[in-house]
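Asker: here is my input, please return the structure:
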Amino acid sequence: MPERAMIVEIVDRLSRIAHSIQFAEGLNTAQWAALRCVARANRNSCSPSALADLMGLTKGTVSQTRKALEAGELIERHRKPGDRRAVRITVTQAGHELLLNDPLGRIHVALTPFDWTEQRKIVDGMQRLLDIFQRHGKIPDFGPYLSFTHYKPEA
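Answerer: Got it, this is the predicted structure:
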């Protein structure tokens, strides 16, 4: 099988595995993604609309996801002082505790046998592939989303 076809198959398989393992702890994939985004976002940029942009989803989909996370007491909404329309979303203590069991942490563990140089090569290659794919497909760049280090378990 040519290298390109193998890469496509591997990316597809990894994405399917990553997707399926996220149906865990009573959450679905969108809820895990939103919880991670809120945990990583800076104080000023974590609003419902910013979350929709970052996740590449509609505001309606993110609204339903947000409501489910609020009902589970994993996130909270706070009105910004001086602007009743503006809302900031934060992760609760329960949300932070749940993130310690993030199912994508299994991928982090799977990378343990790779030394730093090998990991850097994987990151560089995948980032380049993502950049090219987004540019040619006119898919929005989600900026620093991939630079977050949430998956690293606490030592």
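
Asker: show me what the lengthiest strand in the chain pairs with in its sheet, parallel or antiparallel.
Answerer: Counting by DSSP state E, the longest strand found in the chain is strand 83-91. Strand pairing for strand 83-91, determined by DSSP bridges: strand 75-80 (antiparallel).

Asker: buried residues in the partner strand?
Answerer: Going by neighbour count (16 or more other C-beta atoms under 10 Å), the buried part of strand 75-80 is I75. For the C-beta atoms, the positions are set from N, CA and C on the backbone; glycine is no exception.

Asker: just the C-alpha atoms of that strand, please, in CSV.
Answerer: C-alpha atoms of strand 75-80 as CSV (Å, rounded to 0.1, in the frame of the first residue of the first chain):
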residue,chain,number,x,y,z
ILE,A,75,-19.3,24.0,33.9
GLU,A,76,-20.9,27.3,35.1
ARG,A,77,-21.9,30.4,33.2
HIS,A,78,-21.1,33.8,34.7
ARG,A,79,-22.4,37.2,33.6
LYS,A,80,-19.6,39.6,32.9
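
Asker: flag every buried residue along the longest strand of the chain.
Answerer: For strand 83-91, the neighbour count (16+ other C-beta under 10 Å) marks R88, I89, V91 as buried.

Asker: other residues contacting it?
Answerer: For strand 83-91, contacts defined as C-beta atoms under 8 Å, 6 or more residues apart in numbering pick out 35, 38-39, 41, 43-44, 46-48, 51, 66, 74-80, 99.
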